[in-house]
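Asks: show me the folded form of this:
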Amino acid sequence: MAAQASKQRLQNTRNIGIIAHIDAGKTTVTERILYYTGKVHKMGEVHDGEATMDWMLEEKERGITITSAVTSCQWKGHYINIIDTPGHVDFTIEVERSLRVLDGAIGVFCAVGGVEPQSETVWHQADRYKVPKIAFVNKMDRIGADFYRVIEMMKERLGATPLVMQLPWGSEEQFKGVIDLVKMKAVVWEDETLGARFEEIPLPEEMAEEAGQYRDLLLETLADRDDQIMEKYLAEEEFSSQEIRNAVRKATINMGLVPVFCGAALRNKGIQPLLDAIVNYLPSPLDIPPVSGQVPGSEEIQTRPPEPKGPFSALVFKVMMDQGRKMTYLRIYSGTVKVGEQVYNPRKGVHEKVARLLRMHANKRERIDSASAGDIVASMGLKSARTGDTLCDQKHPILFEPIQFDEPVISMAVEPKSIKDHDRLLDALSKLSDEDPTFKYKIDDETGQIITSGMGELHLEIMVGRVRREFNVETNQGKPQVVYRETISKEVEQEEIFERELAGQQHYARVLLSIKPRTRGEGNRFVDRCENPELSEELLNAIMQGVSEAQGAGVLMGYPVIDVETALLDVTIKEGLSNEMAFRVAASMAFKNACQKGDPLLLEPIMKVEVLVPEEFMGEVISDLNSRQGKIQNIAKKGPVQVVTATVPLSKMFGYSTALRSLTQGRGTFTMHFSHYDKVD
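Replies: From the prediction side, this is the model:
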């Protein structure tokens, strides 16, 4: 009986995300969902800074979503976990890690803007994780709204097969409601009840012909994918609403079709049918293939079906600092976890105690005693867990595939305004980096600067703002410097004699070194070819140390020397005069003087850049990369976009994100990571 109840609970669970371009209305749609499901009793508006899901101060001020927020609600006996994700390109990590743990998604499109650049990016992310989707065309009441154009754009830009489930009844100021093509009825909402009450009425005459055409198209599309529908369609038999829904659900979960709905969230129209669509067409945890992972220390792959009685397994998909304490968000794939239990982190090899379990509603929370398969919850007390870590039962260890993160593409130097805040700044940056794996920081060896790196200028601006607000550390920001390297271009032999009196004592050392260039990326190497039997291990270590110190600062501009082989050919040792200090100095001088004669070169960091660009902008993007001394390596088609791979000097890539957006009307995206060092042209 308990097993049956668990299965029923899982069948009635939906873990969904809301994804879209910035300003398509994701957060407004989420607010309406929470209002009509009774989760909140007042609708918060984004433009007033009152939205429930945009709870951070930066989000309220800017009117955009920065961090993904988790909430849950109930609709017609179904339990829905919702993650509202950001739409700005600088925060795609939030979408990436949310999609990794979701079973379904709603793509929200603006009826005026259509399929916008970030819509493409998040849609392709969802495709990569094989997340079934439904689409909601929002803002049908806006001037310039065009439902049919959005459908065409979905085909062209997303490579999707949209299945029109509703038609808009009117548009712009004339938008009255929607036509349900399954029931063949019109749906209208009452303004007096803020859209809470709506009624189904017979089809209006002016929409009857068009509704009939789209109903036929709906059945025809389903018939192509479902044999039972095909038989009835060819026999011209009538279909029940349930038969159509079952066929749509099957095709949606198999990623074959994308059901499309429409409405105007701000005017409170279209949300209840969207909630029905979530329940009717998006998968439960039982409808998707069970998650698989590797057994630590072996090549064996195991699956974890969503069974509450099975061994516990969960993925950490988000970490947040909450008033200085760490909160860890989990998607539980199998088993059950209770407060106070120990869980095992196989990647770190540590046990941790679950101090609290929380069901989240944006930044509000509700304590719970346990959570099981299919749940998305937050936990306190997991000190070492990081984004992408697996948590499991130690008797049944498993390691899920970690979440992939893009490397940061832009850097900025920061320093505390007051020197006494230096350690507090590093602590703040460390905590923010734990939260957001695409935000990194390091102390530059050459300059001593703290360099922060992120996905864009807005990303870094937000992080600096959070350092000030949440950690009370005032900072100055500067522009980062490219760190170059040096090497040599020909082989040189160099003898150096160190003979000096220091503090009344005579010191002597003679060293003969040979240095020669190595292939790029091979690094430095030291080889001992000296056959002098008097050379002790202590003196050899002193020579190696002297060479290593000299490699830290080259002869051209003081940058580190790389890709050089240093060979020790001979030494002369005088008893009582030769010591470690003398040989260290002699080796260091020999290396520097050899570099002077070895035709030294300045090397610059070369980045591997991958640009996703719609075909119509290819010419401009390639021309721009060439003007930045880029070398195009590969061009490949990936659905409706082209992927250009190139190597470009880092010094030429500053400001590239802005340039790419203007070249591609904001539709191009890129990732960049270090490839190798090469000589400065």
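
Asks: okay, helices next: where are they in the stretch 451-600 of the chain?
Replies: For the stretch 451-600 of the chain, the helices defined by DSSP state H, counting those that start in this stretch occupy 457-471, 537-551, 580-597.

Asks: will you turn the ones you listed into a markdown table that also has mean pLDDT and mean neighbour count?
Replies: For the C-beta atoms, the positions are set from N, CA and C on the backbone; glycine is no exception. Converted to a markdown table, these look like this (pLDDT from 0 to 100; neighbours: other CB atoms under 10 Å):
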| stretch | mean pLDDT | mean neighbour count |
| --- | --- | --- |
| helix 457-471 | 80 | 19 |
| helix 537-551 | 92 | 19 |
| helix 580-597 | 93 | 22 |
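
Asks: tell me which of these approaches residue 166 most closely.
Replies: Ranking the helices of the stretch 451-600 of the chain by distance to residue 166, with CB to CB as the measure, places helix 457-471 first at 35.3 Å.

Asks: any chance of the helices of the stretch 451-600 of the chain in JSON lines, plus distance to residue 416?
Replies: Shown next, in JSON lines, are those (distance: least, CB to CB, whole Å):
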{"stretch": "helix 457-471", "distance to residue 416": "9"}
{"stretch": "helix 537-551", "distance to residue 416": "31"}
{"stretch": "helix 580-597", "distance to residue 416": "35"}
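
Asks: out of those, flag the one nearest residue 259.
Replies: Of the helices of the stretch 451-600 of the chain, the one closest to residue 259 (CB to CB) turns out to be helix 457-471, at 33.4 Å.

Asks: elements contacting that closest one?
Replies: Secondary-structure packing of helix 457-471 (3 or more CB pairs under 8 Å, 6 or more residues apart in numbering; DSSP states H and E): helix 57-62, strand 410-416, helix 422-435, strand 450-454, strand 475-478.

Asks: list of residues touching the last one?
Replies: Think strand 475-478. Strand 475-478 is touched from outside by 412, 413, 414, 415, 416, 417, 425, 449, 464, 467, 468, with contacts defined as CB atoms under 8 Å, 6 or more residues apart in numbering.

Asks: Produce a PyMOL select command limited to the buried residues of those.
Replies: Restricted to buried positions by 16 or more other CB atoms under 10 Å, the PyMOL selection for these reads:
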select buried, resi 412+413+414+415+416+425+449+464+467
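
Asks: show me which of the contacts of strand 475-478 is closest to residue 549.
Replies: Once CB to CB is applied, the member of those that ends up nearest residue 549 is residue 449, at 22.1 Å.

Asks: check contacts around the closest one.
Replies: 413, 415, 443, 478, 480.

Asks: count of neighbours near residue 152?
Replies: Residues near residue 152, counting by other CB atoms under 10 Å, number 13.

Asks: low-confidence stretches in the stretch 301-450 of the chain?
Replies: The stretch 301-450 of the chain contains residues with pLDDT under 70 at 323-324, 362-363, 406-410, 445-447.

Asks: helix/strand/coil for the residue nearest to residue 116 when sequence neighbours are not counted?
Replies: Taking CB to CB, 6 or more residues apart in numbering as the measure, residue 116 lies nearest to residue 21, with 3.7 Å between them; neighbours along the chain are not counted. The local conformation at residue 21, judged by DSSP: H, G, I helix; E, B strand; the rest coil, is coil.

Asks: distance check, residue 21 against residue 667.
Replies: Residue 21 is 10 Å from residue 667, where distance means CB to CB, to the nearest Å.

Asks: swap in residue 205?
Replies: 41 Å.

Asks: with neighbour numbers in mind, choose between the two.
Replies: Just comparing residue 205 and residue 667: by other CB under 10 Å the higher neighbour count belongs to residue 667, 22 against 7.

Asks: correct me, but the more buried one touches residue 611?
Replies: No: Residue 667 is beyond contact range of residue 611, at 11.1 Å (criterion: CB atoms under 8 Å).

Asks: closest one to residue 137 among the helices of the stretch 451-600 of the chain?
Replies: Using CB to CB, the nearest of the helices of the stretch 451-600 of the chain to residue 137 is helix 457-471, at 27.2 Å.

Asks: give me the angle between the closest one and strand 410-416.
Replies: Helix 457-471 runs at 30 degrees relative to strand 410-416, counting by axes from the mean of the first three to the mean of the last three CA atoms, to 10 degrees.

Asks: using CSV, write down the CA coordinates of helix 457-471.
Replies: What follows is helix 457-471, C-alpha atoms only, in CSV (Å, rounded to 0.1, in the frame of the first residue of the first chain):
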residue,chain,number,x,y,z
GLU,A,457,30.7,43.0,-17.2
LEU,A,458,27.2,42.9,-15.5
HIS,A,459,28.2,39.6,-13.7
LEU,A,460,31.3,41.2,-12.2
GLU,A,461,29.4,44.4,-11.4
ILE,A,462,26.8,42.4,-9.5
MET,A,463,29.5,40.5,-7.6
VAL,A,464,31.3,43.7,-6.5
GLY,A,465,27.9,45.0,-5.4
ARG,A,466,27.3,41.9,-3.3
VAL,A,467,30.7,42.2,-1.7
ARG,A,468,29.8,45.7,-0.6
ARG,A,469,26.2,44.9,0.5
GLU,A,470,26.5,41.4,2.0
PHE,A,471,30.0,41.6,3.4
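
Asks: just name the shakiest helix or strand of this protein by mean pLDDT.
Replies: Sorted by mean pLDDT, DSSP states H and E, the helices and strands of the chain end with helix 57-62, the least confident at a mean of 45.

Asks: if we ignore the residues flanking it in sequence, what's nearest residue 563?
Replies: Spatially, and ignoring its direct neighbours in sequence, residue 563 is nearest to residue 518 (4.6 Å; CB to CB, 6+ apart).

Asks: next one: residue 637
Replies: Residue 637 sits nearest to residue 643 (CB to CB, 6+ apart), 7.7 Å away.
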